[in-house]
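[1] Requesting a structural model of the entry that follows:
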Amino acid sequence: MTFTKKDIVTIVSDKTGVPKATVSLIFDEIIKYIKDMVKLGDTVAIRGFGKFEKKEKIIKEIKVPSIKEPLKNVKSIKCRFTTFKTFFK
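    As a prediction, the model looks like this:
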């Protein structure tokens, strides 16, 4: 089953009694903070859950059909999430 942000906000609101609008605002701020820190190159670790980190690599050459010449040394930036070993216990 896949849970959306709306599902998570509803579940947390129902369990805590906090209004959905407040839970949604807090959820948005947590996600925004994680994104901002990872963009800066920091690792965000949440004990018992996992860590978010920036992953950069240089791709030597990419072939793009719309242009005739391949692009060289293209930087690829991604956010990597790794669960901690205790996550599934």
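[2] Going by C-alpha atoms from here, please, whenever you check contacts or count neighbours.
    Will do.
[3] Name the residue closest to the centre of the protein, please.
    Residue closest to the average C-alpha location in the chain (CA atoms, centre = their mean): Cys79, at 6.0 Å.
[4] for this structure, what are the low-confidence residue spans?
    The chain contains no residues with pLDDT under 70.
[5] for it, what spans make up the helices?
    Per DSSP state H, the chain carries helices over the ranges 5-16, 20-39.
[6] domain assignment for this structure?
    1-40, 44-89 (automatic domain parsing).
[7] Give me the distance from the first one to the chain's centre.
    Think domain 1-40. Its chain's C-alpha centre and that of domain 1-40 lie 13 Å apart, by CA atoms, centre = their mean, to the nearest Å.
[8] now stretch 46-56
    Counting by CA atoms, centre = their mean, stretch 46-56 is centred 9 Å from the centre of its parent chain.
[9] ok, the residue of the chain positioned farthest from its centre to Glu29 distance?
    The centre of the chain is farthest from one residue, Lys68, which by CA atoms, centre = their mean lies 34.2 Å away. Lys68 is 43 Å from Glu29, where distance means CA to CA, to the nearest Å.
[10] swap in Thr86?
    From Thr86 over to Glu29 the distance is 25 Å, taken as CA to CA.
[11] What is the burial count for Thr43?
    Residue crowding around Thr43 was assessed by other CA atoms under 10 Å; the count is 17.
[12] Identify the residues contacting Met37.
    Going by CA atoms under 8 Å, 6 or more residues apart in numbering, Met37 touches 43-44.
[13] go on, Glu56?
    75-78.
[14] Adding distance to Gly50, write these out as CSV.
    Listed next are those as CSV, based on distance: CA to CA, whole Å:
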residue, distance to Gly50
Lys75, 25
Ser76, 22
Ile77, 19
Lys78, 16
